[in-house]
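**Q** Sharing a model that was predicted from the sequence below.
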There are 2 protein chains.
Amino acid sequence: MSELIRVGIAGYGNLGRGVEDAVPRNPDMVLAGVYTRRDPEQVKPERENTEVYSWSDLDRHRDRVDVLVLCGGSKEDLPEQGPALAGKFNTVDSYDTHARIPEYFEAVDQAARSGGKVGLISTGWDPGVFSINRLYGEAILPGGDTHTFWGRGVSQGHSDAVRRVDGVAHAVQYTLPAESAIDGVRSGSQLDLTTREKHTRECFVVLEGEADPEAVRQAIVTMPHYFDQYDTTVHFISEDEMARDHASMPHGGFVMRSGATGSGNRQLIEYGLKLDDNPGFTASVLLAYARAVHRLARAGESGARTVFDVAPGLLSPQSAEELRARLL
Amino acid sequence: MSELIRVGIAGYGNLGRGVEDAVPRNPDMVLAGVYTRRDPEQVKPERENTEVYSWSDLDRHRDRVDVLVLCGGSKEDLPEQGPALAGKFNTVDSYDTHARIPEYFEAVDQAARSGGKVGLISTGWDPGVFSINRLYGEAILPGGDTHTFWGRGVSQGHSDAVRRVDGVAHAVQYTLPAESAIDGVRSGSQLDLTTREKHTRECFVVLEGEADPEAVRQAIVTMPHYFDQYDTTVHFISEDEMARDHASMPHGGFVMRSGATGSGNRQLIEYGLKLDDNPGFTASVLLAYARAVHRLARAGESGARTVFDVAPGLLSPQSAEELRARLL
């Protein structure tokens, strides 16, 4: 075993905690520390030997961190933090505003190139392993149909977006797939479904003080990219109900690709996730890609990358020879 | 669109026919021709404009073929053809004798390096996309459990192996998964299953003339790698029954990875295939990797590769920019 990969965590919410938990599950990694914009004295880490540093320590810790895992939100944190940090560290992030990925990629790419670093953006499960399966499906079955279904589960990105609405104290957003649509795709009978037909979105919101429920509801359902294309229901509940009924963060979904070969032989590829804890899974994917980023940087590469650019073998701590013998 | 990728087919059985069918589904490819060890005059291609050449034409057609898809069997054809052709052509194959992949890799690697070519071995679905999912699963959920289930379906490699037994005129082999084992893995209740516990193998055999059924049965059930680790049933049937009941080649299966994050949150990844026609699907995977091989060779690489070495983006005819905007 070569030297351990020193992983830094930038931002300490649910995702940062997930990465903190996952690092010791990877025998080739060690946690360099957590970097927070809060007062480090006020942050209590999950593991007692986790070092908590101030965000301003990042600059002088450049030599202590091999890969920095960016755990901020996609709406307000990453668009600024990603490009700012990609020039100084090898980074990996879960930027998930699909429509804005091209511009985010360009910004990270420019910074990473000029700093001689590698910045892998938009990994996790969607974008991430779901994206990979959309690509493999298309490449293998050209002319077929791809369908992605999400849920039932809590979406971090969407819950985060709702929480940033004025007047919202706490919020959880569930994405729900339509079972009839899933069955339709599996059986090949229903292939021209829109995203709106395949899913609904459901928000549970605790209001702040005297906030106006109708104004909050309007702000949510009209939010671009996040909610405006969906049928969205907003429920207002108490803080007690929130704590009792909405504490865990399950999620999941499917990517399905169907196509034909020969004279009408039907071929179906189905990739599914059933996750008890969405941020814990996303954190696990981030770490596998942190390993790949470390290797690409060591090989002298620089610039932004996505999951499409990374050969599967780079995610494993094992050698190509071991993988061929054991997993191929 | 750049120049079309000229695909050659070496060996014209079910798999070769599948590749012939799949080439025109890929707008960036064109069929250079089929190469057969039989008399080309006696081979009738599925498509009337397919050129059929003799195997001995391969040498003088080196400049006509960008990637040669090797469609021979793993037991007797590929161990010889793979290394022999990898020095002269960029190749892709579906070599599927898992236990011998390391030595096959070495032989192809040596030939491809010395010829300045790229030889991608062992793709299809298992080995192939199933292998990729085993690798991704392990890397993302370290410390978890991986289970692969096959069937119910006809295994080309195993049917081929049975057909090569003395006294066998025709044979089809079905692999069957145990449903109770699949449910056990999904629910997390049963994770220590052996391959033998998860599957059975069932062979339907038409005997040649006066062949001794018991000798044939013994030769099959004791065959190393293919049958000796399984409970195998052999049924002797007539040629008419074979034609009536066993003409299609369905297959499928699952790769499941379960693991935990945090304090016991369960995470489950499931990749499944439901294939009406196994060789048709394998052919489609071979062509996606033929595209990747063509690109690697153009980039100046040489030597043997596996699916673990190939970034997903290389499989798609689209640019990295298009893929980021559309599929990530």
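**A** Yep, it's here. Numbers count the residues shown, from 1 in each chain, chains lettered A, B, ... in the order given.
**Q** in the stretch 101-250 of chain A, what residue is nearest chain B?
**A** residue A:139 (3.8 Å; CB to the nearest CB). Where you see a C-beta, it was placed from the backbone N, CA and C, and this is true even at glycine.
**Q** I figured that residue hits residue B:316, correct?
**A** Yes - counting by CB atoms under 8 Å, residue A:139 touches residue B:316, with 4.8 Å between them.
**Q** out of these two, which sits in the more crowded spot?
**A** Per other CB atoms under 10 Å in any protein chain shown, whichever of residue A:139 and residue B:316 has more neighbours is residue A:139, with 25 against 22.
**Q** where's the more buried one, which helix or strand?
**A** Applying DSSP states H and E as the criterion places residue A:139 in helix A:129-140.
**Q** Mean confidence (pLDDT) on the strand or helix carrying residue A:268, please.
**A** Using DSSP H and E, residue A:268 sits within strand A:265-275. Averaged over strand A:265-275, pLDDT sits at 96.
**Q** partners of it, with directions?
**A** strand A:251-261 (antiparallel), strand B:265-275 (antiparallel) (DSSP bridges).
**Q** how about it: buried residues?
**A** A:265-275 (16 or more other CB atoms under 10 Å in any protein chain shown).
**Q** what about residue A:20, helix or strand, and which?
**A** helix A:14-22.
**Q** okay, the angle between that helix and strand B:251-261?
**A** On the basis of axes from the mean of the first three to the mean of the last three CA atoms, to 10 degrees, helix A:14-22 is oriented at 90 degrees to strand B:251-261.
**Q** in helix A:14-22, what counts as buried?
**A** A:14-22.
**Q** what packs against the helix or strand just after it?
**A** Note on helix A:14-22: by DSSP H and E, the next helix or strand toward the C-terminus is strand A:29-36. For strand A:29-36, the elements it packs on are strand A:5-10, helix A:14-22, strand A:52-54, helix A:278-298, judged by 3 or more CB pairs under 8 Å, 6 or more residues apart in numbering or on different chains; DSSP states H and E.
**Q** so which of the ones you listed gets nearest residue A:252?
**A** Closest approach to residue A:252 among the helices and strands packed on strand A:29-36 is made by helix A:278-298 (8.5 Å; CB to CB).
**Q** Could you give the separation of that closest one from the chain centroid?
**A** Helix A:278-298 has its C-alpha centroid displaced from the chain centroid by 11 Å (CA atoms, centre = their mean, to the nearest Å).
**Q** buried stuff in that helix?
**A** A:278-297.
**Q** what do you get for stretch A:78-93?
**A** A:78-79, A:81-83, A:85-93.
**Q** what mean pLDDT would you report for it?
**A** 98.
**Q** next one: that stretch to chain centre, how far?
**A** The chain centre lies 15 Å from the centre of stretch A:78-93; the measure is CA atoms, centre = their mean.
**Q** Kindly report the same for stretch A:96-103.
**A** 12 Å.
**Q** do it and chain B meet?
**A** Yes - contact of stretch A:96-103 with chain B (CB under 8 Å from any CB of the partner chain) involves A:98, A:101-102.
**Q** got the contact list for that stretch?
**A** A:74-75, A:79, A:95, A:104, A:121-122, A:124, A:126-127, A:157, A:225, B:321, B:324-325, B:328 (CB atoms under 8 Å, 6 or more residues apart in numbering or on different chains).
**Q** quick one: buried residues of that stretch?
**A** Quick answer for stretch A:96-103 (16+ other CB under 10 Å): A:96-98, A:101.
**Q** Between those residues, which sits nearest residue B:247?
**A** Ranked by distance to residue B:247 (CB to CB), those are led by residue A:98 at 44.4 Å.
**Q** if I look at that closest one, how far off is residue A:128?
**A** According to CB to CB, to the nearest Å, residue A:98 and residue A:128 sit 11 Å apart.
**Q** ok, now residue A:165?
**A** 26 Å.
**Q** Name the residue in the two with the higher neighbour count.
**A** Neighbours were counted for residue A:165 and for residue A:128 using other CB under 10 Å; residue A:128 has more, 23 against 19.
**Q** Sweet, I'm off.
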